[in-house]
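Participant: starting from these lines, generate the structure:
(4 chains)
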Protein chains: 4
Amino acid sequence: MKCTIVGATGYAAIELIRLIELHPHLEIVSLISDSQTNQEMNDLYSFMNNKQFPVLTAFSLEQIEAVETDLLFLATPSGISTKYLKQLDDWKGTVIDLSGDLRLEKSLYEKWYPHESVDTVLQKKATYGLTEWKREQIKDSRLIANPGCYATAVLLGLLPLLEERVIDPSQIIIHASSGLSGAGKTLTEQTHHVRSSENVRLYKMNQHQHIPEIESIAEDITGQQITVSLATYLVPLNRGIMATMTLQPLVEKTEAEWRTWFIEKYKQESFIRVGQTDPEIKSAAGSNYCDISVYLDTRTGRLTVVSVLDNMQKGAAGQAIQNANVIGGYPETLGLTQQPFFI
Amino acid sequence: MKCTIVGATGYAAIELIRLIELHPHLEIVSLISDSQTNQEMNDLYSFMNNKQFPVLTAFSLEQIEAVETDLLFLATPSGISTKYLKQLDDWKGTVIDLSGDLRLEKSLYEKWYPHESVDTVLQKKATYGLTEWKREQIKDSRLIANPGCYATAVLLGLLPLLEERVIDPSQIIIHASSGLSGAGKTLTEQTHHVRSSENVRLYKMNQHQHIPEIESIAEDITGQQITVSLATYLVPLNRGIMATMTLQPLVEKTEAEWRTWFIEKYKQESFIRVGQTDPEIKSAAGSNYCDISVYLDTRTGRLTVVSVLDNMQKGAAGQAIQNANVIGGYPETLGLTQQPFFI
Amino acid sequence: MKCTIVGATGYAAIELIRLIELHPHLEIVSLISDSQTNQEMNDLYSFMNNKQFPVLTAFSLEQIEAVETDLLFLATPSGISTKYLKQLDDWKGTVIDLSGDLRLEKSLYEKWYPHESVDTVLQKKATYGLTEWKREQIKDSRLIANPGCYATAVLLGLLPLLEERVIDPSQIIIHASSGLSGAGKTLTEQTHHVRSSENVRLYKMNQHQHIPEIESIAEDITGQQITVSLATYLVPLNRGIMATMTLQPLVEKTEAEWRTWFIEKYKQESFIRVGQTDPEIKSAAGSNYCDISVYLDTRTGRLTVVSVLDNMQKGAAGQAIQNANVIGGYPETLGLTQQPFFI
Amino acid sequence: MKCTIVGATGYAAIELIRLIELHPHLEIVSLISDSQTNQEMNDLYSFMNNKQFPVLTAFSLEQIEAVETDLLFLATPSGISTKYLKQLDDWKGTVIDLSGDLRLEKSLYEKWYPHESVDTVLQKKATYGLTEWKREQIKDSRLIANPGCYATAVLLGLLPLLEERVIDPSQIIIHASSGLSGAGKTLTEQTHHVRSSENVRLYKMNQHQHIPEIESIAEDITGQQITVSLATYLVPLNRGIMATMTLQPLVEKTEAEWRTWFIEKYKQESFIRVGQTDPEIKSAAGSNYCDISVYLDTRTGRLTVVSVLDNMQKGAAGQAIQNANVIGGYPETLGLTQQPFFI
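Facilitator: Numbers count the residues shown, from 1 in each chain, chains lettered A, B, ... in the order given. Below is the predicted model of the structure:
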């Protein structure tokens, strides 16, 4: 499939390019950047200069069609994707939007994001691209709302439990730590090395836009109302998210039984690995895996589910490629079999 | 006061030495290390070699008395302090034990620690050295159980709420991240730079020995039974703890009112600062401050209290010096007024 | 080719496994570890547990032949490889030794390493596996001394200059910084996170075993005597080496001409990239590239060549695979086209 | 002495404030920031909020005199200090300028800095504040050009050798690594955590403005012409510089003799420590020490001197306070006796 990436100089785009180069059936035909038009990727990012990439061009439907794009990735920030989506409404190809702009219906979006929502009809056309839970719909969709990084980690841990109604949907307390790439490429005081290193910072407490994403998607998939508390932290590392969900189980099982239960739930999945104790970000960073661990506290009766993934891969570009594989009819793991970096 | 430090080559001892050198009324008269007897601190730690320290000696009551020790710090690991405490039972001076060995009564200790408990009578003589809450007892005590790092962070956040009975004592969920110095100087796979950097690791889930410390001290001080869930994480930085407590309030207040309430509670305290939003470890690392932040989620009704401190200072050596100041009748902040490093 | 890895639990082996899994024509048939025999890689390194690896076995020729090994990687430390090499002398397959044990002739080896040298005849059979400079010999060799990480970085920068005799071979001053993976998996005070982070340490000053490797290989290839000063530093990151060589040019060229000269020299090479100013480790880490930059100081007349690579890839496992490609007759870049991580 | 700090929100100012608070005879009476006038330090930097600081005011001579300033620190960037210096020319108090604006005579300054030089008469009034080498002149000076961080590290290592004419002044090759605080608070791509962490970057090769500072000061003090090569690196840590100087000795001594020679040279100095092998930044970071190590390579005859210091302290604010102590007639170590952080 011929791929065009819009927002080609951001972190998500860089990771998409890295992954597409390892993919036998995807090819980059156009790189779009409205802010750095006419520049060469190799000049902006010398680390890439082993290969000739298309020069950065401005967004236009003509350009996208001229290069015969099959698959267009919007690797643009929330609020910006909307602008492009409106222009792409009649386009025949497939769009995977990595921003939050298609994930929430209008009223929720406008409550949690500081932008106007995309057109409601357009938003409803989109399939939420959480591959493991929406595979069938993704197959037939030409518009994918690629999930948020925290939302992916959390939903992969919660959905089996919510679907089987074995936890209290009103007692879900989540703490999630993310590396600095999660804060994006924009220069801020918080991402300056001297501020971010030797530091942990709590941010957007009770206000993170992945809260309504988690809640509305879980409601959509499992048919019950859920409410979550989410605390998000920046920790001094580049890639990776660890999300810990403290839960109230409605059925009695031992810790070992819960683990087996999760293994069973995900036994068909290539990218979900269940079982590790003392979970760590390093197990998944650099890969498309989501590692899930389960604990039961016999003193308090609480169930804890921990979900670890690489926010740039399974939490963004990797899952986008996974969705492209589903859409293209390729094996879902194609081009995504790299081991975690570990070192 | 003349000070002897036992376990003089560990991290807590190094921080004690750093702090004592800045203190006008404390002086190091003896450094004890059973494993590195007869060595010089300056040879082991060249960064210290601006000053001549006493040569490391083996533990003996004779030595401790020969140098006229007033104040003895046990900067030894849990399980090891017990050995020394038994020999110090009849000694006339003041002992501040930085290990966990005096913090829990026998049955709890032996349930959570892999060691035999110290003598029960001895343990009961000890005062828990959470300065802000035990100041009067510390003043008259000659045996201090210096609090654990996580326990200090958590208790300073919880105790005002529990004392006033404004939160549900059975709904306390704590997530706490610590820098690597919290794992101690022992060489382990987990503290190797290649493993610890670019990583976050959950450890001792539901099994951390600070769980019973938090519960029993809170029960002792507030007279009600409490049960906490505690998830502890290693994050890739040297110093600092951030503890987030998710709570169920029993009274109605706005977030601003809760903040004011906390400010009022701690208004007499020099080392407790209330108020910051987006709390970060860097605010307190390198100092003896404990920074407390408060959030109320109007959607879920949950109250979140965040407590940040430097695990080497307020969570260990700094609080030990603070207690020494109380015992010695000095101003409580003496020698402890360094600003956080920040840079 | 069927591959066996000896020393399968070390860092170099882990990177070999990562790379072999991405290679279409290499397959792991046996993993050997004398210290962790009968264990599963998946138990030791949970991050790998997406695939079933052979159980760890003890070293034996029978085992190596039973699995029909074509290519055996010795990912064992210097001093240990020797032990295995002696047993493999009559074996028919190809051996790539990642240690220093085959790189130096006996007298040099025993001067710089604290071990006895391998048998001299055996050592002389080995080809030094600096692919770009020994490609033809590697093709026909069944015993490869895979180059050291610093030596690779330095030699790729120096050899074109020495071969053309355009620099003074007695005026070569090298400063090289390495990430912590260069120090290996062994637990030491220096690799404890609390010591290594927020630190730079100079080590093995004038005594690094890559000094004679650089000198003797350069002498062997260029036929002139060279003497280098080498200062090596540990810097707080995982992967990567930056080697800066301060040189005295014997011919007059501008900085731009030197750059063009280097580009010309390496224009056929897939893994050597010349040209970037402000070189940085992040350009190459995670890839098999070696990035070379050139500066001329018009004030002092000194030429500076900077060489950057990933010590785990081009400086170890990547170059081993590159050599395997040469030996196997595959395209040299096969399985090695991953972009640097960058994020 | 009553202190005013101009440029009060930058890194150097923050460190000055940290140090002044620990100093018994210095007091902050005014904080000046033209960009953040009328703001409170406590609002900008919550970590400071244990103390009430003067509100930030705009620069004016009236304000400086109204608060009876004795000592004014210009903690402003190069190019900006000049603006203030011109207004302070007639002021009676003492000025310590931490920028580069007073360090170089006009023609050198304008060659290496992108700014116009300060008035020549004014520049010539200034004393270069390298305390150990200019103590007597500093004592009587009312205008101090506080040295640059790299220049301090390098000059403290080189000056004894140049003064005694025991090294070749044309053969001085310096490699120096600095933590990210050296890059200042300004937000740049290079200081974004994702770019700076897991990275080393060479910058300003042959063009660093500390080159002429080192050369001209060494010439001024030792009366001979010197030319240095300087390569500067950003390494992923907050504080600290390690400068390695590769030198050609003109006299024969063993490594041990060189070490003794250096110890002898600096035996009167409180902040210079000679002797450590395997020097590391962690030995000095957080303190005002400069640690000097010496190596002789018997193979090449080269002498290597390594100098380590904290760029925020001995390389900036600490040396400024040391100079203030000299000027004020206080013990030179007053307020500067903190041990390195180490942990």
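
Participant: after the helix or strand harbouring A:Lys124 comes which helix or strand?
Facilitator: In the assignment (DSSP states H and E), A:Lys124 maps to helix A:120-125. Using DSSP H and E, the helix or strand that follows helix A:120-125 in sequence is strand A:127-128.

Participant: what's in contact with that following strand?
Facilitator: Strand A:127-128 is contacted by residues A:Arg103, A:Lys134, A:Gln137, A:Ile138, A:Ser141, A:Leu143, A:Ile144, A:Ala145, A:Pro147, A:Ile217, A:Asp220 when judged by Cβ atoms under 8 Å, 6 or more residues apart in numbering or on different chains. No exception for glycine: its C-beta is placed from N, CA and C like everyone else's.

Participant: so which of these comes closest to A:Ile292?
Facilitator: A:Pro147 (15.9 Å; Cβ to Cβ).

Participant: show me which positions of the lengthiest helix in chain A end up buried.
Facilitator: The longest helix of chain A (DSSP state H) is helix A:149-163. For helix A:149-163, burial by neighbour count (16 or more other Cβ atoms under 10 Å in any protein chain shown) applies to A:149-162.

Participant: which residue ranges of the stretch 201-343 of chain A form strands?
Facilitator: For the stretch 201-343 of chain A, the strands defined by DSSP state E, counting those that start in this stretch cover A:201-203, A:228-234, A:241-249, A:272-274, A:290-296, A:303-309.

Participant: need the residues of the stretch 101-250 of chain A near chain C, please.
Facilitator: By Cβ under 8 Å from any Cβ of the partner chain, the part of the stretch 101-250 of chain A that sits against chain C consists of A:Ser181, A:Glu198, A:Asn238, A:Arg239.

Participant: again, only this time at 7 Å
Facilitator: Applying Cβ under 7 Å from any Cβ of the partner chain, one finds that the stretch 101-250 of chain A approaches chain C through A:Ser181, A:Asn238, A:Arg239.

Participant: which non-adjacent residue is nearest the residue of chain A most remote from its centre?
Facilitator: Distance to the chain centre peaks in chain A at A:Arg299, reaching 34.6 Å (criterion: Cα atoms, centre = their mean). Sequence neighbours aside, B:Thr227 is the residue nearest to A:Arg299 in space, at 6.6 Å (criterion: Cβ to Cβ, 6 or more residues apart in numbering or on different chains).

Participant: mind checking how far that neighbour is from C:Tyr45?
Facilitator: For B:Thr227, the distance to C:Tyr45 equals 36 Å [Cβ to Cβ, to the nearest Å].

Participant: check A:Phe47 too.
Facilitator: For A:Phe47, the distance to C:Tyr45 (Cβ to Cβ) stands at 27 Å.

Participant: who has more neighbours out of the two?
Facilitator: Neighbours per residue (other Cβ atoms under 10 Å in any protein chain shown) separate A:Phe47 from C:Tyr45, with A:Phe47 holding more: 23 against 17.

Participant: need the three-state assignment for the more buried one.
Facilitator: Under DSSP: H, G, I helix; E, B strand; the rest coil, A:Phe47 falls in the helix class.

Participant: spell out which parts of chain A neighbour chain B.
Facilitator: For chain A, the contact set with chain B under Cβ under 7 Å from any Cβ comprises A:173, A:175, A:177, A:194-195, A:198-203, A:205-206, A:227, A:229, A:231, A:235-238, A:242, A:244, A:246, A:278-282, A:285, A:295, A:297, A:299-300, A:302, A:304, A:306, A:343.

Participant: next, count neighbours for A:Arg201.
Facilitator: Using other Cβ under 10 Å, A:Arg201 has 21 neighbouring residues.

Participant: excluding its backbone neighbours, what's nearest it?
Facilitator: A:Arg201's closest residue in space is B:Glu280 (Cβ to Cβ, 6+ apart), at 4.0 Å.

Participant: ok, longest strand in chain A?
Facilitator: When chain A is parsed with DSSP state E, its longest strand is strand A:167-178.

Participant: now the angle from that strand to strand B:241-249?
Facilitator: Calculated by axes from the mean of the first three to the mean of the last three Cα atoms, to 10 degrees, strand A:167-178 forms an angle of 150 degrees with strand B:241-249.

Participant: so for the first helix or strand past strand A:167-178 going along the chain, mean pLDDT?
Facilitator: Using DSSP H and E, the helix or strand that follows strand A:167-178 towards the C-terminus is helix A:193-196. Over the span of helix A:193-196, the pLDDT mean works out to 98.

Participant: residues making contact with helix A:193-196?
Facilitator: With contact meaning Cβ atoms under 7 Å, 6 or more residues apart in numbering or on different chains, helix A:193-196 is reached by A:180, A:189-190, A:234, A:236, B:282, B:343, D:180-181, D:191, D:193, D:196-197, D:236, D:238.

Participant: one more pass at 8 Å, please.
Facilitator: A:180, A:189-190, A:234, A:236, B:282, B:343, D:11, D:180-181, D:185, D:191-193, D:196-197, D:236, D:238.

Participant: which ones are touching the residue in the stretch 51-200 of chain A positioned nearest to chain C?
Facilitator: The stretch 51-200 of chain A approaches chain C most closely through A:Ser181 (5.0 Å), counting by Cβ to the nearest Cβ. Counting by Cβ under 8 Å, 6+ apart, A:Ser181 touches A:Tyr11, A:Asn238, A:Arg239, A:Asn311, A:Met312, C:Ile343, D:Val194.

Participant: hmm, which of these are the buried ones?
Facilitator: Here, 16+ other Cβ under 10 Å leaves A:Tyr11, A:Asn238, A:Arg239, A:Asn311, A:Met312, C:Ile343, D:Val194 buried among these.

Participant: and which of the residues you listed is nearest D:Ile321?
Facilitator: D:Val194 (34.7 Å).

Participant: how much space between that closest one and chain B?
Facilitator: Distance of D:Val194 to chain B, given as Cβ to the nearest Cβ, to the nearest Å: 11 Å.

Participant: try A:Phe59
Facilitator: Noted for A:Phe59: a distance of 35 Å to chain B, by Cβ to the nearest Cβ.

Participant: tell me if that residue really is in a helix.
Facilitator: No: judged by three-state DSSP, A:Phe59 forms no part of a helix; its state is coil.

Participant: give the buried residues for the helix or strand bottoming out on mean pLDDT in chain A.
Facilitator: When each helix and strand of chain A is scored by mean pLDDT, DSSP states H and E, helix A:41-44 comes last, with a mean of 92. Neighbour-count burial for helix A:41-44, with 16+ other Cβ under 10 Å as criterion, is recorded at A:Met41.

Participant: returning to what we had before: which among the residues of the stretch 101-250 of chain A next to chain C gets closest to chain B?
Facilitator: Comparing these against chain B with Cβ to the nearest Cβ places A:Asn238 closest, at 6.3 Å.

Participant: didn't that closest one look like it was pressed against A:Leu180?
Facilitator: Yes: counting by Cβ atoms under 8 Å, A:Leu180 is a contact partner of A:Asn238 at 6.1 Å.

Participant: pull up the overlap in contacts between those two.
Facilitator: Residues touching both A:Asn238 and A:Leu180 (Cβ under 8 Å, 6+ apart) are D:His193, D:Val194, D:Ser197.

Participant: can you list the residues you listed in TSV and add distance to C:Lys83?
Facilitator: As requested, these are exported to TSV (distance: Cβ to Cβ, whole Å):
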residue	distance to C:Lys83
D:His193	44
D:Val194	43
D:Ser197	39
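
Participant: and the closest residue to chain D within the stretch 1-150 of chain A, what is it in contact with?
Facilitator: Distance from chain D to each residue of the stretch 1-150 of chain A (Cβ to the nearest Cβ) is smallest for A:Tyr11, at 7.3 Å. Shown in contact with A:Tyr11 (Cβ under 8 Å, 6+ apart): A:Ser181, A:Gly184, A:Lys185, A:Met312, C:Ile343, D:Val194.
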